[in-house]
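# got a structure for you, letters missing:
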């Protein structure tokens with residue numbers, strides 16, 4: 001559906017530009033957009049490589065396990081249906097740690113494995129369990145200390161201070177995560193079985 005929306009907007013924009021006699025600007029924008037996309041991809045590839053390497057070092061050095069251990073009281077509150085030492089808890093902790101560091105691409109494999117493990121625990125395989133829903137909400141809202149993607153975009157477009165968004169980013173992601181958790185808990189109490 002989203003592909004149709006973006007495709008439709010693109011086509012309408014080109015048609016509008018042609019009808020208003022701005023074909024030269026359309027051509028220039030298309031060429032510059034392609035160049036900017038390649039430059040951004042190269043910038044992001046470097047940043048992704050760096051942070052994925054940092055994540056691997058953190059994993060090998062036991063930092064991820066340490067974060068998981070510290071997160072356990074919170075995780076037991078949020079996921080009471082999941083046994084304490086289950087693999088799902090480690091994958092959830094890894095996913096949360098990666099998201100906390102702003103590494104959404106590094107969080108994805110752990111998130112997929114967490115969902116697979118949560119599905120194994122799920123009694124009714126046709127609908128998502130409470131733990132799966134809560135994990136999805138937390139994963140999508142994800143508290144971020146460092147928004148690496150936004151830093152990269154801001155640096156790419158020559159921001160004077162790409163890191164000035166740290167505090168607003170922390171506030172926004174904390175608010176979205178808290179709102180998501182509260183909404184899920186209210187919904188669960190009100191409509192849960």
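Alright, I've got the coordinates. None of the values given here were measured: they were computed from a predicted structure.
# State the distance from the residue located most distally from the centre of the chain to residue 15.
Using C-alpha atoms, centre = their mean, the residue of the chain lying farthest from its centre is residue 21. It sits 40.6 Å away. Counting by C-beta to C-beta, to the nearest Å, the gap from residue 21 to residue 15 is 12 Å. The C-beta positions use only the backbone N, C-alpha and C, and glycine is treated the same way.
# Where does pLDDT dip in this structure?
The chain contains residues with pLDDT under 70 at 105, 146, 148-149, 192-193.
# how about the helices in it?
2-19, 23-60, 63-78, 87-100, 104-121, 130-141, 148-156, 166-191 (DSSP state H).
# and those as CSV, adding mean neighbour count?
Listed next are those as CSV, based on neighbours: other C-beta atoms under 10 Å:
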stretch, mean neighbour count
helix 2-19, 10
helix 23-60, 13
helix 63-78, 15
helix 87-100, 23
helix 104-121, 18
helix 130-141, 19
helix 148-156, 17
helix 166-191, 13
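# tell me the contacts of the residue nearest to residue 59 when sequence neighbours are not counted?
Leaving aside its sequence neighbours, residue 59 sits nearest to residue 94 (C-beta to C-beta, 6 or more residues apart in numbering; 7.5 Å). If you count contacts by C-beta atoms under 8 Å, 6 or more residues apart in numbering, residue 94 has them with 59, 64, 68, 107, 110, 114.
# Cool, thanks, talk later.
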